[in-house]
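Engineer: predicted coordinates and the sequence they were generated for:
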Amino acid sequence: MRTTVTTSKVSHGQTGPDIPVLNNRSKRKYRRHGLYNLLKMGHCAPSVMQTLLDLGNKKEEWLVRMTAGLPGGIGNMGFECGGITSPLIQLGLEYGLSAKDNGLPQVIYSGHDYLCRFQECHNSILCKEILGKRRVPLPCIKVARHAPELYNQTGCRDNAEAISDETRQAFCVLYSHMTTNDFHCAHTVLKHLDNTIPVTRELLDGTSCFIGGTAFKGLTCSAFTAGLIAVGLKLGEIENSFPRVVRMLVTMIAGGNALADHMNKFNRILNIGYRMSKWFRQEFGSTLCHEITQCDFSSIADVHRYIGNNSVTTCKILSEKVARQAERIIKQQGAGF
């Protein structure tokens, strides 16, 4: 265990926080800060993002807004925890896609490293498994408190061992194929929205890890995630009230509708995201990448099947449809969706 603050992360862009190696005192500080933000914001992904920004002395509200629809496992679907998605955005800001290691972007190695650390800490990376059947999301407290230090640990070591040689080979073949075909799940969606939202270098860097169902894990379709991020970026509002969060928790304990739009400023985008997920399932059968593609991207045989079936063309079509749907939602302000 590191016992002193000694080094800082190297930042790829200008928006990622500069977080030092932590001693035990710093860990306690990080955990208190994570809890503080959760108690005034009420949802995992935005509060984790805010904590990372605060600790890095950054004031980038757009990064918090883009996480507005990610709580509850991305659009309240129960998949990738918000304690994962926000740190992955920050890792993307640091590395983008430019830093390569053996043919694979560094952000993929770092993303898998973070996922492994999160899994070890919480026994799952999925919101629905972390929460179980609890009415009150008490495990979210641990998520919010520990995410900053897990993020810090991810940036303080070589991440190459986070992916096995066999899996790396499969990822490299897939990434090369996607690059040759000018396709990146999240980036393709965002570029289709360039007349609706500002598609900056920072936004593209921040969404670098949302490829192949989150760092090629085959989880939530990264095109869907990007569409929801775009909606949050454009329409999201930031909750910043301890009394309102307490009211939401009391409503939750009493069995009321704590996720009603008026209960928390993030709820509106979260609910839009859930309705968007229902549209997505009707269109494509599932929101999970591995179910849509019928491929396990850690398998070289499945990757070759994806390539042989020209599935990248299908994914491009899907991405354009997601972008158009996100554009409609943004134009309608979410009304009647």
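Structural biologist: Yep, it's here.
Engineer: which SSE is the residue nearest the centre of the chain in?
Structural biologist: The centroid of the chain falls nearest to residue 85 when counting by Cα atoms, centre = their mean (2.2 Å). Counting by DSSP states H and E, the element that carries residue 85 is helix 82-95.
Engineer: alpha carbons only: can I get that helix in PDB?
Structural biologist: Backbone C-alpha positions of helix 82-95 (Å, rounded to 0.1, in the frame of the first residue of the first chain) are rendered in PDB as follows:
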ATOM      1  CA  GLY A  82     -22.500   4.500 -12.300                       C
ATOM      2  CA  GLY A  83     -19.400   4.000 -10.200                       C
ATOM      3  CA  ILE A  84     -17.900   2.500 -13.400                       C
ATOM      4  CA  THR A  85     -19.200   4.800 -16.100                       C
ATOM      5  CA  SER A  86     -18.000   8.100 -14.700                       C
ATOM      6  CA  PRO A  87     -14.400   6.900 -14.000                       C
ATOM      7  CA  LEU A  88     -14.300   5.400 -17.500                       C
ATOM      8  CA  ILE A  89     -15.200   8.800 -18.900                       C
ATOM      9  CA  GLN A  90     -12.300  10.300 -16.900                       C
ATOM     10  CA  LEU A  91     -10.000   7.600 -18.200                       C
ATOM     11  CA  GLY A  92     -11.100   8.500 -21.700                       C
ATOM     12  CA  LEU A  93     -10.300  12.100 -21.000                       C
ATOM     13  CA  GLU A  94      -6.800  11.100 -20.000                       C
ATOM     14  CA  TYR A  95      -5.900   8.800 -22.800                       C
END
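Engineer: next SSE after it?
Structural biologist: Tracing the chain C-terminally past helix 82-95 and defining elements by DSSP H and E, one meets strand 100-101 next.
Engineer: which residues touch the nearest residue to the residue nearest to the centre of the chain once chain neighbours are set aside?
Structural biologist: Nearest non-adjacent residue to residue 85, counting by Cβ to Cβ, 6 or more residues apart in numbering: residue 70, 4.7 Å away. C-beta: built from backbone N, CA, C; applies to glycine. Residues near residue 70 by Cβ atoms under 8 Å, 6 or more residues apart in numbering: 45-46, 82, 85-86, 225, 228-229, 232, 273.
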